[in-house]
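Trainee: Next comes the sequence, and after it the predicted model I'd like to discuss.
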Amino acid sequence: MGQRLSKRNQSLEEGLPQGRFSASEEAPPQYSAYQQGGLPDVRFPRADAPMGHASNECERRDSKQEGVRVSIYRTLDAVPHLEYYDNAAGRTRRSRPSLEVLRKASDGSTCKDEGAKKKKAAGPVRFGWVTGVMIRCMLNIWGVILFLRLPWITSQAGILLTWLIICISVTVTSVTALSVSAIATNGRVSSGGTYFMISRTLGPELGGPIGLVFAFANALASALNTVGFAETIRDLLLEYNLYIVDPLNDVRIIGVITITVLLLISLAGMEWESKAQILFFIVLLVSFINYFVGTVMPPTQEKQSTGFFSYRSEILLNNLFPDWRGPEGGFFQLFAIFFPSATGILSGVNICGDLKEPETAIPKGTLMAIFYTTLSYLLISATVGACVVRDATGNINDTLLSNSSELCEGLGCSFGWNFTRCEDKGSCSFGLANNYQVINMVSGFGPLIYAGIFAATLSSALGFMVSAPKIFQCLCRDNIYPYIGFFGKGYGKNSEPLRAYILAYLIAVCFILIGQLNVIAPLISNFFLCSYALINFSCFHVSITNSPGWRPAFKYYSRWTSLFGAIISVVLMFLLTWWAALISFGLIIFLFGYLAYKKPQVNWGSSVQASTYNMALSYSVSLSGVEDHIKNFRPQCLVLTGPPHLRPALVDFVSSFTKNISLMICGNILMSDDKSGLSQRTTASLVKWLNQRKVRSFFAPISAKGLREGTCNLMQASGLGKLKPNTLFMGFKMNWQQCSPHMLEDYINTINDTFDSNYGVCILRMMDGLDITEEMLSEDNPAFEADEGTEADHSNDSDRDSGHISEKTQSDQIKTIFQNKQGKKTIDVYWISDDGGLTLLVPYLLTRRKRWNRCKVRVFIVGEQQTMEKDRQEMVSLLQRFRLDVHEVIVMTDSDRPPISKNMKRFEENIAPFRLRDEDHEQGTIHELKRLSPWKVSDKDLDALRLKSERKVRLNEIIRRNSKHAGLVIVLPVPQSDCPSSLYMAWLDALTRGLYCPALLIRGNQQNVLTFYCQ
């Protein structure tokens, strides 16, 4: 220990910087304090022990060059580091040493020159929580409605209900912001914003539709804000009797020019776009200050004529309560108009790939933006409601002094103005209820308000113009929809989606050229609400799954508030515009259906997977407490396929009656000396092959010394609870005469052990065999090596089991007979012995499939000539009770006849290599040879079982005569304990010899799997 410790001390002292740590036998170790940017330095005292291996010297030198810390267990062992867990797009994750490398006795003696340390490339521009999230969200929340519609909403709904509308909108956005913060802090969030969070939480089926719709909605929102800016410019021109062409075309021309300028700003890069946003933000702040200063300034006579009298308690009390007017007078109508102004909270999330620390920037920036914008909405609605009356004429001659003879009614009378005439006629042009430019009129300097309107519209249009391509780029890179990958390419150090920018620009231009977006605007609000609903549902769903991977750093959220936010968002969608909500849901369902059908090959660890696991675990546990019932029996198959791609016919046949009905497990027994077994990569490729073939099966590799041991282990270990196999499927051993006798004994003992384990046994034989290894090798496939064994020779499978499936093998699926429609063939069942009904159940399950549904089932039974009709009627009655659709029942009355001599002679020739003749050996020697070679067939064994052998050969003659054109023949005798393995194998071979159709040898475990009772 002392020498080993000295070596370790020396290596650590050379490989690490000096620090305040000492280790000795007298004193405990002392650690230096933690410092920013690194971990505590450690130092061991140098010992005079000899140097370690050259590999340790290599490791220490590499550690010095790379500037990394090493473990105290071993210099090759890695200490925890961020780079081992970083799998961000575009980055190469650093790999830690594998267990195989760490477990080697020596570290090796070769040194690799790692080369000079590469200089870090200049990183892309990243933004903090203020400029990247808070300012961006505030600019998108503040919009045209703040300046042009909020005073009008206040006049209609009153200050109290206006505050209620604001609070409901803020409740939805705040709950959504809490859900966004929880999801964003549960790991690193890449670019893609809303789409990224929903798709990585709920999976691609829901994330894909929302990403596509939300990106489109952002492009439309950019067009709408641009049109709002263009209309304001047009109105200013009309005040001075100026125009370009006509009012409608002026909007189109100004809008296209504006969106083109915004596109150029976006193409210049996020840094320039961020600077433009800061400029817009400053202009908006100045316009707000200008407005609040104007509310406290003494009103001029001209402003008084338009209804502005500064702060008055009478005006405040009068405007507290609603005064509904016109067709748009109603709570939900006004809510529908106001709510789009609350959207924009996802602006920071949409560019999360450009943030320095999105995990902290998104929660802080989004919540602060909601707080400040809500405060501004509340203050503006309260102050404008306390300063401006609802109706005014704008005529400076409507003072009481000028109209002293007329009757004066209304709030203006107390301030010296008579607005009664226009109030009675409903012809007032000014006041909160009639003038959309109230904020401009109240402000200290009107042009600054126009600048604020321009800043609000342009900043929102620019924000949406940037958000739409970022979302669409992430969607394109995931490649879950066809034909859109072209737009996912990024350019520059920020990976700017230039192609997606052009696409968003073209979409925006198309809608700007329409000029009338009043019908489309509600649809955009519904798209945003739909996104909010799914974000909240994502947070709720991932919370209730109790997945260990759900560990958000943001703790101020609740699964129930998220569920409330999801429900209220859906309700608001239908309350605002029900037809737009139906269109939104229709589009989402269509896109969802496409992805559900295509099933993208992605794995993002979604909450749907966690929920599926929870349900599967819960149902499996609850099912374990339920006693088995015959009515619910299903053939749950353990299939000895080896690597499944080498025996596709066996896989396809079992899958044809187990898919979506019962359990199927493909077992692969590895019989090599290497105990490491299949690599994870090879196992994954085999599972991928099964999925590409649309086979619903598990794959279970296991290491064993032989086929018998491996099968016993699989039968004992496979499955979970009630989901355990009850039927063993295997291929027929075509090389039973050429293979080693020990392998033949192993094969037959596997069948015996299966019956001992209370399993049913099914053996599939095809004329050309099941193993396609030689066929694959003939195509010069380099993924596998030649194998001397043939069908079912599992002892040699280890030579090819470790090979990884090539991409060509995965893509070029070999077609088998069981993938074709079987047509009007017959399935001939030779029900010689009652095994509980498994022999009849499998054909019934086959005929329920589309490929086999035209086949007719014929049942052959053994009977006497005198009672043939009676036997047939009894069997028909039994099958009708079982409700099995059997086309015909045939009674075999000639099964007791002796077989043809040449067929019997062929049988004896097949068994001849395994004979142990009495005349060649003494009696005692025969017993000893029989003990050492149990597969040998003595004359005594052959004589005792001669009658059974003749019946097997005779039955084969009957099968070949009656089932020439059958699609499948089913029969299997039970092995006997006194029957040598070679003789039993000869029986199986004799039963199915000469058949050109697949033959299935089935034998149940003598327990009923069919019943005609209801309970």
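Mentor: Perfect, I can see it now.

Trainee: those helices in the stretch 351-500 of the chain, which residues are they?
Mentor: 358-387, 420-425, 438-442, 446-478, 498-514 (DSSP state H, counting those that start in this stretch).

Trainee: Can you give the distance of the shortest one from its chain's centre?
Mentor: When you say that, I think you mean helix 438-442. Between the centre of helix 438-442 and the centre of its chain there are 52 Å (C-alpha atoms, centre = their mean, to the nearest Å).

Trainee: Do a quick rundown of the strands in the stretch 801-950 of the chain.
Mentor: 826-830, 856-862, 888-892, 915-916, 937-938 (DSSP state E, counting those that start in this stretch).

Trainee: returning to that earlier point: now render the helices of the stretch 351-500 of the chain as CSV, adding distance to residue 126.
Mentor: No exception for glycine: its C-beta is placed from N, CA and C like everyone else's. CSV is the format used below for these (distance: least, C-beta to C-beta, whole Å):
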stretch, distance to residue 126
helix 358-387, 10
helix 420-425, 57
helix 438-442, 36
helix 446-478, 14
helix 498-514, 20
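
Trainee: Mind checking those helices for the one nearest to residue 551?
Mentor: helix 358-387 (11.8 Å; C-beta to C-beta).

Trainee: Of all the residues in that closest one, which ones are buried?
Mentor: 358-370, 373-374, 376-378, 380-387 (16 or more other C-beta atoms under 10 Å).

Trainee: Which other helices and strands does it contact?
Mentor: In terms of contacts (3 or more C-beta pairs under 8 Å, 6 or more residues apart in numbering; DSSP states H and E), helix 358-387 is packed against helix 129, helix 135-141, helix 144-148, helix 150-184, helix 270-296, helix 313-318, helix 347-350, helix 438-442.

Trainee: I'd like the distance between the spatially most central residue of the chain and residue 314.
Mentor: Using C-alpha atoms, centre = their mean, the residue of the chain that lies closest to the mean C-alpha position is residue 203, 3.5 Å off. Using C-beta to C-beta, to the nearest Å, residue 203 is found at 59 Å from residue 314.

Trainee: do residue 645 as well
Mentor: 87 Å.

Trainee: my read: residue 865 touches residue 892, true?
Mentor: No - assessed by C-beta atoms under 8 Å, residue 865 is found out of contact with residue 892, at 10.5 Å.

Trainee: Pick out whichever of the two has more residues nearby.
Mentor: residue 892 (19 against 8; other C-beta atoms under 10 Å).

Trainee: I'd like the helices of the stretch 351-500 of the chain as a markdown table, with distance to residue 896 and mean pLDDT appended.
Mentor: A markdown table is the format used below for the helices of the stretch 351-500 of the chain (distance: least, C-beta to C-beta, whole Å; pLDDT from 0 to 100):
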| stretch | distance to residue 896 | mean pLDDT |
| --- | --- | --- |
| helix 358-387 | 82 | 89 |
| helix 420-425 | 115 | 77 |
| helix 438-442 | 107 | 87 |
| helix 446-478 | 69 | 85 |
| helix 498-514 | 81 | 88 |
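
Trainee: do you know which of those lies nearest residue 281?
Mentor: Using C-beta to C-beta as the measure, helix 446-478 is the one of those that comes nearest residue 281, at 7.3 Å.

Trainee: how much distance is there from the closest one to the middle of the chain?
Mentor: The answer for helix 446-478 is 31 Å, by C-alpha atoms, centre = their mean.

Trainee: now stretch 227-241
Mentor: 49 Å.

Trainee: and residue 739, which of the three is it?
Mentor: At residue 739 the chain is in coil, as set by DSSP: H, G, I helix; E, B strand; the rest coil.

Trainee: More neighbours: which of residue 645 and residue 314?
Mentor: Neighbours of residue 645 and residue 314, each counted by other C-beta under 10 Å, are more numerous for residue 645; the result is 24 against 13.

Trainee: Could you check how far the nearest residue to that one once chain neighbours are set aside is from residue 697?
Mentor: In space, and not counting its chain neighbours, residue 645 is closest to residue 689: 5.0 Å by C-beta to C-beta, 6 or more residues apart in numbering. Look at residue 689 and residue 697: by C-beta to C-beta, they are 11 Å apart.

Trainee: got it, and residue 746?
Mentor: Counting by C-beta to C-beta - residue 746 and residue 697 are separated by 25 Å.

Trainee: and if you look at residue 831?
Mentor: 28 Å.

Trainee: Compare neighbour counts for these two and give me the winner.
Mentor: Using other C-beta under 10 Å, the more surrounded residue of residue 831 and residue 697 is residue 697, with 22 against 19.

Trainee: Name all residues that make contact with the more buried one.
Mentor: 639, 644, 651, 654-655, 658, 664-666, 690 (C-beta atoms under 8 Å, 6 or more residues apart in numbering).

Trainee: As CSV, these with secondary structure would be great.
Mentor: Rendered in CSV, the data for the contacts of residue 697 read as follows (three-state DSSP):
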residue, secondary structure
639, strand
644, helix
651, helix
654, helix
655, helix
658, helix
664, strand
665, strand
666, strand
690, helix
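
Trainee: Tell me the one among those residues nearest to residue 929.
Mentor: Distances from residue 929 to these, taken by C-beta to C-beta, are shortest for residue 639, at 36.3 Å.

Trainee: Report the contact partners of that closest one.
Mentor: Residues near residue 639 by C-beta under 8 Å, 6+ apart: 650-651, 654, 664-667, 697, 729-730.

Trainee: As a markdown table, those with pLDDT and distance to residue 542 would be great.
Mentor: Output for the contacts of residue 639, formatted as a markdown table (pLDDT from 0 to 100; distance: C-beta to C-beta, whole Å):
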| residue | pLDDT | distance to residue 542 |
| --- | --- | --- |
| 650 | 93 | 40 |
| 651 | 94 | 36 |
| 654 | 94 | 37 |
| 664 | 94 | 31 |
| 665 | 94 | 31 |
| 666 | 94 | 32 |
| 667 | 93 | 35 |
| 697 | 92 | 29 |
| 729 | 94 | 39 |
| 730 | 93 | 43 |
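
Trainee: So residue 987 sits against residue 946, correct?
Mentor: No - in this structure residue 987 lies outside contact range of residue 946 using C-beta under 8 Å: 11.9 Å.

Trainee: Just want to know which of those two has more residues nearby.
Mentor: residue 987 (24 against 11).

Trainee: Which helix or strand contains the more buried one?
Mentor: For residue 987, the element it lies in under DSSP states H and E is helix 981-992.

Trainee: can I have the helix or strand that comes right after that helix written out in CSV, keeping just the CAs?
Mentor: Using DSSP H and E, the helix or strand that follows helix 981-992 in sequence is strand 999-1003. The C-alpha trace of strand 999-1003 is given here as CSV (Å, rounded to 0.1, in the frame of the first residue of the first chain):
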residue,chain,number,x,y,z
ALA,A,999,-45.2,-27.0,-41.9
LEU,A,1000,-45.8,-26.0,-38.4
LEU,A,1001,-45.3,-28.6,-35.7
ILE,A,1002,-47.5,-27.6,-32.7
ARG,A,1003,-48.1,-29.2,-29.4
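
Trainee: quick one, what contacts residue 837?
Mentor: Applying C-beta under 8 Å, 6+ apart, the residues near residue 837 are 882, 1004, 1008-1010.

Trainee: What's the separation between it and residue 891?
Mentor: 19 Å.

Trainee: Which secondary structure state is assigned to the closest residue to residue 549 other than its chain neighbours?
Mentor: Excluding the flanking residues, the one nearest residue 549 by C-beta to C-beta, 6+ apart is residue 605, at 6.3 Å. Under the three-state scheme (three-state DSSP), residue 605 adopts coil.

Trainee: Give me the pLDDT value at residue 605.
Mentor: If you check residue 605, the pLDDT there is 74.

Trainee: and the residue nearest to the centre of the chain, what does it touch?
Mentor: Here residue 203 is in contact with 604, 606-609 (C-beta under 8 Å, 6+ apart).

Trainee: wait, isn't residue 324 in contact with residue 153?
Mentor: No - between residue 324 and residue 153 there is no contact under C-beta under 8 Å: 11.5 Å.
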